[in-house]
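J.: Generate a structure from the sequence data that follows.
(2 chains, ligands or ions: 1)
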Amino acid sequence: MGMTITEKILAVHSGKKRVEPGELINCKVDIVLGNDITAPVAIKEFEKIGVRDVFDKDKVVLIPDHFTPNKDIKSAEQAKMMREFARKHGLTNYFEVGRMGIEHCLLPEQGIVLPGDVIIGADSHTCTYGALGAFSTGVGSTDMAAGMASGEVWFKVPESIKFVFHGDRLNEWVSGKDLILYIIGDIGVDGALYKAMEFTGPAIQSLSMDGRFTMANMAIEAGGKNGIIAPDRTTIEYVESRAKRPYQIYRSDDDAGYERVIEYDVSNIEPQVAFPHLPENTKPISQVGTVKIDQSVIGSCTNGRMEDLRVAAGVLRGRRVHPDVRLVIFPGTQAIYKQAMKEGLFEIFVDAGAAVSTPTCGPCLGGHMGILAKGEKAISTTNRNFVGRMGHPESEVYLSNPAVAAASAILGRIGSPKEVE
Amino acid sequence: MEFQGRTWKFGADVDTDAIIPARYLNTSDPDELARHCMEDADPDFPNKVKIGDIIVADKNFGCGSSREHAPICIKAVGVSCVIAKSFARIFYRNAFNIGLPILESPEAVDGIDEGDQIKVDVDKGIIYNLTKGTDFKSTAIPPFMQELIDADGLINYVRGRLNK
Ligand code: SF4
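T.: Reported below is the predicted structural model:
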């Protein structure tokens, strides 16, 4: 029997010809990632191991993005601890405020993660890089510490679920975000627990890289270990100019074994909205009803890329944000910020009455820059709508794509971009 | 390893934001985190939980973020062990890595009411409901995870390997 792309990458990195689902392996890692919340815990654990240096100073990546620019004294102390560790170990890939970005937007953009890699990150959305055809997964701080010291990590080889998207044209205003929300709505927040989620089919091939990152990003929201999309021409175009080291392309064999194959037809898929308090509570936009909102958030590692900002700007151009709504837009990286500025998107946003932020995780995790008060409702292009995710435990978060979030900001309630056309 | 304590029950899909909200993640101090343990699921939990108590939850406990602060705060507040129908992947990994015992047993979860006194024999994988006089088996801990427990967590395990 053949192997899936996930199995092939794991086999190569554990020095084996083949691996089987369920097998425990010790795997070499290409990149170990941490942020200002998870790295401080990892650094403390790293010190306990008693090695002098990290396994490779080019392969440990530290990014202050969650509570930065430092939101308070405690966050400043955490960021400082990480910065000092980066300096002490001479890390090549430490990105300071003003040069940084939300980690999962920044790493692919900078060519730090590449097809065929094994990447671990002490952040659950590390699964984002699967969009490049890499095996990439979130771990905790202790795993990160062990990875920084040894360059290795243990894994149980996951079974794979194949998701096939038929049809080559998405409906109007439908994006990668809607496809992944649709999956989560279908299989539930633990529907792919411990599994590799492989996204294939003509509709996936016609998706831009930005749309693919959004999909892989939310694999964890279905409990998945990784999300993965086999590289094609779109992938190679994206990485060619960015890669500073060789990379390897893997694809699943035709006779690879899957735990399940799930097929969808994209002609049936409308823009999706996930109701509080789980990403699986999805409804098509036509069935949302009247939900008034206080805030709309566009950005994050899920939807803070160029395509997302362009779509949002297209909806907002020449229109005004509803008087009762705050619209907060936070681009993923400095490069995206600059490009958006160049394309005149910020002028559109500001004229519409939106607040545009420097890249940060800020509002996405209820950190800073847009916290919700008791009873407030937000629509957001982020990935989680858990209780208290964006602020008060009695606030509510609805998840959507950027077009719906922009349209809702104008309407003052959750609505379709069609309503503002 | 054996634990005995009073149980606190939680529902399905308890996420890491409910276990320890992000607003408290500007510190990694276990005792400070413990003061907010499970706060968004039950605001009173940190006050009423006693050393040795046991959390019993439905499926997919610990879903969401990779924050190790979640198992850390549960351990630091004094909870001896978590029993659930299933655990989210990263939480499961983290719990073993930091030495918080966790057991999967759908039957036990259904057979325990909040407030029951239970005894857990981690090595044998048996959960005794002392209040009701019943007992349940849990899913066996994989041998490699057992190795991690024996080494007292991943850091010791890796230290042993790297300094060999
Ligand atoms: S943007 Fe949100 S989901 Fe993404 S890394 Fe930051 S906090 Fe996590």
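
J.: So the nearest residue to residue A:307 once chain neighbours are set aside: helix, strand or coil?
T.: In space, and not counting its chain neighbours, residue A:307 is closest to residue A:210: 3.9 Å by C-beta to C-beta, 6 or more residues apart in numbering or on different chains. Quick note: C-beta positions are derived from backbone N, CA and C, even for glycine. Residue A:210 falls in the helix class when you classify it by DSSP: H, G, I helix; E, B strand; the rest coil.

J.: Is residue A:180 in contact with residue A:218, as I believe?
T.: Yes: using C-beta atoms under 8 Å, residue A:180 is in contact with residue A:218, at 4.4 Å.

J.: immediately after the helix or strand of chain B with the lowest mean pLDDT, which helix or strand?
T.: When each helix and strand of chain B is scored by mean pLDDT, DSSP states H and E, helix B:143-150 comes last, with a mean of 79. For helix B:143-150, the following helix or strand on the C-terminal side (DSSP states H and E) is helix B:154-162.

J.: starting at the chain centroid, how far to that following helix?
T.: 23 Å (C-alpha atoms, centre = their mean, to the nearest Å).

J.: could you pull out the helices for chain A?
T.: With helices called from DSSP state H, chain A shows them at A:5-13, A:38-49, A:73-88, A:103-109, A:141-150, A:176-187, A:202-205, A:209-217, A:233-240, A:300-303, A:306-316, A:334-342, A:345-352, A:402-411.

J.: Just put those helices in a markdown table and tack on mean pLDDT, distance to residue A:31 and mean neighbour count.
T.: Shown next, in a markdown table, are the helices of chain A (pLDDT from 0 to 100; distance: least, C-beta to C-beta, whole Å; neighbours: other C-beta atoms under 10 Å in any protein chain shown):
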| stretch | mean pLDDT | distance to residue A:31 | mean neighbour count |
| --- | --- | --- | --- |
| helix A:5-13 | 98 | 12 | 24 |
| helix A:38-49 | 96 | 14 | 23 |
| helix A:73-88 | 98 | 15 | 18 |
| helix A:103-109 | 98 | 7 | 27 |
| helix A:141-150 | 97 | 9 | 28 |
| helix A:176-187 | 98 | 23 | 26 |
| helix A:202-205 | 98 | 24 | 19 |
| helix A:209-217 | 98 | 15 | 28 |
| helix A:233-240 | 98 | 14 | 15 |
| helix A:300-303 | 98 | 16 | 30 |
| helix A:306-316 | 98 | 23 | 23 |
| helix A:334-342 | 98 | 19 | 17 |
| helix A:345-352 | 98 | 30 | 18 |
| helix A:402-411 | 98 | 28 | 29 |
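
J.: So for residue A:165, which of those helices sits nearest?
T.: The closest of the helices of chain A to residue A:165 is helix A:202-205. By C-beta to C-beta, the value is 3.7 Å.

J.: Can I get that closest one in PDB, CA atoms only?
T.: Taking Å, rounded to 0.1, in the frame of the first residue of the first chain, the C-alpha atoms of helix A:202-205 are listed here in PDB:
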ATOM      1  CA  PRO A 202     -10.300  20.800  -7.900                       C
ATOM      2  CA  ALA A 203     -11.700  23.500  -5.600                       C
ATOM      3  CA  ILE A 204      -8.600  23.300  -3.400                       C
ATOM      4  CA  GLN A 205      -6.400  23.600  -6.400                       C
END
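
J.: what does that helix contact?
T.: For helix A:202-205, the surrounding residues in contact (C-beta atoms under 8 Å, 6 or more residues apart in numbering or on different chains) are A:165-170, A:179, A:212, A:215, A:229, A:232, A:234, A:266.

J.: Which of the helices of chain A sits closest to residue B:105?
T.: Closest approach to residue B:105 among those (C-beta to C-beta): helix A:176-187, 23.6 Å.

J.: tell me the angle that closest one makes with helix A:402-411.
T.: 100 degrees (axes from the mean of the first three to the mean of the last three C-alpha atoms, to 10 degrees).

J.: Would helix A:176-187 count as contacting chain B?
T.: No: counting by C-beta under 8 Å from any C-beta of the partner chain, chain B is not contacted by helix A:176-187; separation bottoms out at 11.6 Å.

J.: so what secondary structure elements neighbour that helix?
T.: Helix A:176-187 is packed against helix A:209-217, strand A:260-265, strand A:272-274, strand A:282-284, with contacts defined by 3 or more C-beta pairs under 8 Å, 6 or more residues apart in numbering or on different chains; DSSP states H and E.

J.: Quick one: mean pLDDT for the second one?
T.: Here the mean pLDDT over strand A:260-265 is 98, rounded to a whole number.

J.: related to what we said a few turns ago, mind listing what the residue nearest to residue A:307 touches?
T.: Per C-beta under 8 Å, 6+ apart, neighbours of residue A:210: A:176, A:305, A:306, A:307, A:308.

J.: Check residue B:92 too.
T.: So residue B:92 contacts B:62, B:102 (C-beta under 8 Å, 6+ apart).

J.: mind checking the SS state of it?
T.: Going by three-state DSSP: residue B:92 is helix.

J.: how close does residue A:273 get to residue A:223?
T.: 21 Å (C-beta to C-beta, to the nearest Å).

J.: Would you mind telling me which of these two has more residues around it?
T.: residue A:273 (28 against 25; other C-beta atoms under 10 Å in any protein chain shown).

J.: Tell me where chain B has strands.
T.: B:2-10, B:54-57, B:81-84, B:102-104, B:117-121, B:126-129, B:134-137 (DSSP state E).

J.: Could you dump the ones you listed into JSON lines and include mean neighbour count and mean pLDDT?
T.: Putting those into JSON lines (neighbours: other C-beta atoms under 10 Å in any protein chain shown; pLDDT from 0 to 100) gives the following:
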{"stretch": "strand B:2-10", "mean neighbour count": "18", "mean pLDDT": "96"}
{"stretch": "strand B:54-57", "mean neighbour count": "25", "mean pLDDT": "98"}
{"stretch": "strand B:81-84", "mean neighbour count": "25", "mean pLDDT": "96"}
{"stretch": "strand B:102-104", "mean neighbour count": "23", "mean pLDDT": "94"}
{"stretch": "strand B:117-121", "mean neighbour count": "19", "mean pLDDT": "96"}
{"stretch": "strand B:126-129", "mean neighbour count": "20", "mean pLDDT": "97"}
{"stretch": "strand B:134-137", "mean neighbour count": "16", "mean pLDDT": "97"}
